[in-house]
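**Q** the sequence and its predicted three-dimensional model are supplied below.
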2 protein chains.
Amino acid sequence: MDLLGCLSAIPLFAGLDRDQYEVLSHIVVDQVFKRGQTIFTEGEEGRGFYVMILGRVKIFKLSPEGKEQILHIVGPGEPFGEVAVFAGQPFPAHSETIEESRTFFFPRADFIELIKKNPLLAMNMLAVLSQRLAGLTVLIDSLSLKEVPARLSAYLLAQSERKSTGNDLSLDITKGQLAGSLGTIPETLSRILAKMAKGGLIHSDGRRITIMNRQGLEELAEGQKRL
Amino acid sequence: MDLLGCLSAIPLFAGLDRDQYEVLSHIVVDQVFKRGQTIFTEGEEGRGFYVMILGRVKIFKLSPEGKEQILHIVGPGEPFGEVAVFAGQPFPAHSETIEESRTFFFPRADFIELIKKNPLLAMNMLAVLSQRLAGLTVLIDSLSLKEVPARLSAYLLAQSERKSTGNDLSLDITKGQLAGSLGTIPETLSRILAKMAKGGLIHSDGRRITIMNRQGLEELAEGQKRL
DNA sequence: TATAGGCTTTGACTTAAGTCAAAACAAATG
DNA sequence: CATTTGTTTTGACTTAAGTCAAAGCCTATA
């Protein structure tokens, strides 16, 4: 797809006028990555931010022992790496593609110029950052105050909601990545899925999962019941 | 202190000119709270945001069983509750004063008008949100990838850094609140402090703590050593 | 200064979830 | 299609941190 077409499909740039798209198209850097490539590393200086055009990246923290906590999986249309642009700090996390990807890179200085002249763009960016903040808040809540079965239930319910595919859903990430998103490890995830299946809450076959008892899952997610 | 004096001491409003302070002073609502008062509740609609003038509030999540995870303790000069203004979502967490406090409240609609006309204000707000995001990122890292002794060590080191009072420091929150900030409970915190003292890492007497072995604490914080 | 309420500590016990190791399964590539 | 590489599952074991209950401390105020 052409530059302007891509740009106008990005919610962050919604409502901008022709001139502004023009400017954007001049400062943007079109990039392609293979699966598993690092886009930036925690601690690295942020020279700009990215918008995902096609594919997906994981944004994650890494422990010294190599355990990953995924903060966010970024899909098409979403920006990432913005924090480093505005906070004047290095990137606070790592990012790596989980599939072949295409991104638009916007150099810091140019973008700041642009945003200073476009209140709407500034408001859009404030909305994006605020939503991310709300998102991390939910993650903290779940890591600190819920146990793994509750987190997994919430994830499955959210997923079936988002895709509105009834009670059937197919994981769009590996179970290892799912474990990393839920703040646990693959072994534990595996055991809990097995337990949920045994308890008649779900039916699980590889990546396809069917919700057999939605209310049960909801109670688990709320912490009203235990597995 | 008078309105304008207070306003000009707030980093978020740094660099604004006289006219803009004038406008701010007209839309601001000066509020006073006693210790332990709720300012807003998770899920409540956000009609505006706050800046702390004097005192402190805790921003926290609550589990069904009543356990608290503190996201942030807001002190003088810092804004809070901004997410609800820009994300068009309800407040994502609770807030309650931990001491007698004075806040400035800025109603949503008025403030949005103002920010649309002031690129500098927008940039300042972007910086604030970005820093918060980076902060939550660190919290997630520590909750998910570190154990309690490491979190506590990091906290003590950061505290002694921030106050640059050598190896002596005095906790400025209760141990219960500290536990809530570290994602644990008072009993666990108490035991770990006792263990650290026994191990010669610190000396602890009520709220005063002396760092006896800084390198040891650093190793603990990094996860290179265990308690 | 007595007393009530909130903090903090300690002990005994339970448990969720992690580690380590190995097998079983998929799936990707030459 | 065969083999290599990565992912998922299972089992046996360990452990950090939580629960519950009780006692001990502060310290604020009446």
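**A** Cool, the structure landed. Numbering: from 1, shown residues only, chains lettered A, B, ... in the order given.
**Q** what about whichever residue of chain A sits closest to DNA strand C, neighbour count?
**A** Per CB to the nearest atom of the strand, A:Glu147 is where chain A lies closest to DNA strand C, at 2.8 Å. C-beta coordinates here come from the backbone N, C-alpha and C atoms, glycine included. The local packing of A:Glu147 (other CB atoms under 10 Å in any protein chain shown) involves 14 other residues.
**Q** and A:Val138, what does it touch?
**A** B:Pro92 (CB atoms under 8 Å, 6 or more residues apart in numbering or on different chains).
**Q** quick check: which element contains it?
**A** If you go by DSSP states H and E, A:Val138 is part of helix A:119-145.
**Q** repeat for A:Ser95
**A** Using DSSP H and E, A:Ser95 maps to strand A:94-97.
**Q** distance between the ends of stretch A:85-97?
**A** 20 Å (CA to CA, to the nearest Å).
**Q** returning to what we had before: between the helix holding A:Val138 and helix B:119-145, how big is the angle?
**A** 20 degrees (axes from the mean of the first three to the mean of the last three CA atoms, to 10 degrees).
**Q** thinking again about what came up before, who does the helix or strand just after the strand holding A:Ser95 touch, helix- and strand-wise?
**A** Reading on from strand A:94-97 to the C-terminus, the next helix or strand found by DSSP H and E is strand A:101-107. If you count contacts as 3 or more CB pairs under 8 Å, 6 or more residues apart in numbering or on different chains; DSSP states H and E, strand A:101-107 packs onto helix A:18-27, strand A:29-33, strand A:48-54.
**Q** show me the contacts for the residue of chain A closest to DNA strand C.
**A** Going by CB under 8 Å, 6+ apart, A:Glu147 touches A:Gly223, A:Arg226.
**Q** try it again with 6 Å
**A** By CB atoms under 6 Å, 6 or more residues apart in numbering or on different chains, the contact set of A:Glu147 is empty.
**Q** quick check, pLDDT for it.
**A** Note for A:Glu147: predicted pLDDT of 96.
**Q** also the one 4 residues further on?
**A** Model confidence at A:Arg151, given as pLDDT, is 97.
**Q** so is the helix or strand where it lies next to DNA strand D?
**A** Per DSSP H and E, A:Arg151 falls inside helix A:148-163. No. Judged by CB under 7 Å from any atom of the strand, helix A:148-163 stays clear of DNA strand D, getting no closer than 11.5 Å.
**Q** what's that helix in contact with?
**A** A:Ser142, A:Leu169, A:Leu182, A:Thr184, A:Thr188, A:Ile192, A:Ile211, A:Leu217, A:Leu220, A:Ala221, A:Gly223, A:Leu227.
**Q** any idea how far the closest residue in space to the third one that isn't next to it in sequence lies from A:Gln31?
**A** By the measure of CB to CB, 6 or more residues apart in numbering or on different chains, the closest residue to A:Leu182 outside its immediate chain neighbours is A:Arg151, 4.7 Å from it. For A:Arg151, the distance to A:Gln31 equals 33 Å [CB to CB, to the nearest Å].
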